[in-house]
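Asker: Whatever this is, show me its structure:
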Amino acid sequence: MLTRSRGGLTLAEIMIALALTLVVAGTLYSLLISTQRTTRAQSRRVELQSNLRAGSLIVLSELRELAGVPGGSAIQNDILVARSTALVYRAMRGLGFVCDVSSATAIRIARSTFSGHRDPQAGRDEALVFVAGAGADGSEDRWLATGISSVATSASCPGSAGPGITLTVPSSGLTAGLEAGTPVRITEVMELRLYESEGRSWLGARSVSSGEAIQPLVGPLTTGSGFRLEYLDAAGTPVADPTGIRSIRIALRGSAEGGGWGNGAPVEEELRAQVMLRNAVRP
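Answerer: Numbers count the residues shown, from 1 in each chain. Got it, this is the predicted structure:
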């Protein structure tokens, strides 16, 4: 027969207390693990969503500067190759206005009028020069393309126009008749596409003009469907002809391991957007 010692607990009471302590500790531990898993899942979902939003903003900022003319020439259409998971296009890198054409092979742009991501780069960029009356009948205005042999920033524009950016071009006939104030677009041929690397899918970008290797831009994405493009005409109907594209629907779909709610399962998120081309209001 068990008896209570003076000022102490019986063995049964101690066993009950230990059992209750273990139950409470187990419940708290289970709650802690569940909370950690949920927090980790939320964190990975937020990271995945932020990654997709950042990628969407980059793609939209690149594509909203594109233009096209139905049946137009290669210079009039910035979309060169249009596929469901890849796009080759002429990307805008800067815009400026001529301040001096004192040489048959050089175009000087006023630094104060130039805006863009960066300065022009020789061998990588192309200059599109707006020439009035360049058509066969002398009445059509158009953009003419020329490569850039070299870029210099040491010479200034005439008068008080300030510093200039001098582009040396290989075509000596291009500068004939150009006037101050002529707009010049600086462009670079780029490619966006879904590609696989080390067993994962990524949205990659590369400069076609410079021949560089593709670099990951956003990812990892869902294999096979992580980056999708749909091309629409002015009526919103899917179109295959690059010259008829007026808007582009973009879908980015990413996946994250352990993003499920507490069960460690992978989770997928998709972000969709649509961008209108720069001249989408034209017929």
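
Asker: Please go through the chain and pick out the longest strand.
Answerer: When the chain is scanned for its longest strand (criterion: DSSP state E), the result is strand 86-103.

Asker: what packs against that strand?
Answerer: Using 3 or more C-beta pairs under 8 Å, 6 or more residues apart in numbering; DSSP states H and E, the elements in contact with strand 86-103 are helix 11-63, strand 79-82, strand 106-110, strand 115-116, strand 164-168, strand 183-197. Backbone N, C-alpha and C define where each C-beta goes, glycine included.

Asker: SS state for L271?
Answerer: strand (DSSP: H, G, I helix; E, B strand; the rest coil).

Asker: residue contacts, the closest residue to it other than its chain neighbours?
Answerer: Residue nearest to L271 in three dimensions, not counting chain neighbours: L52, with 4.2 Å by C-beta to C-beta, 6 or more residues apart in numbering. Neighbour list for L52: 218, 252-254, 269-271 [criterion: C-beta atoms under 8 Å, 6 or more residues apart in numbering].

Asker: Tell me the pLDDT of L52.
Answerer: L52 carries a pLDDT score of 87 in this model.

Asker: likewise G226?
Answerer: 90.

Asker: Check the gap between it and R40 for me.
Answerer: Relative to R40, G226 is positioned 23 Å away (C-beta to C-beta, to the nearest Å).

Asker: E179 now?
Answerer: Using C-beta to C-beta, E179 is found at 63 Å from R40.

Asker: ok, now I245?
Answerer: 42 Å.

Asker: repeat for T222
Answerer: According to C-beta to C-beta, T222 stands 21 Å off from R40.

Asker: Between the two, which is the more surrounded one?
Answerer: Neighbours were counted for T222 and for R40 using other C-beta atoms under 10 Å; T222 has more, 20 against 14.
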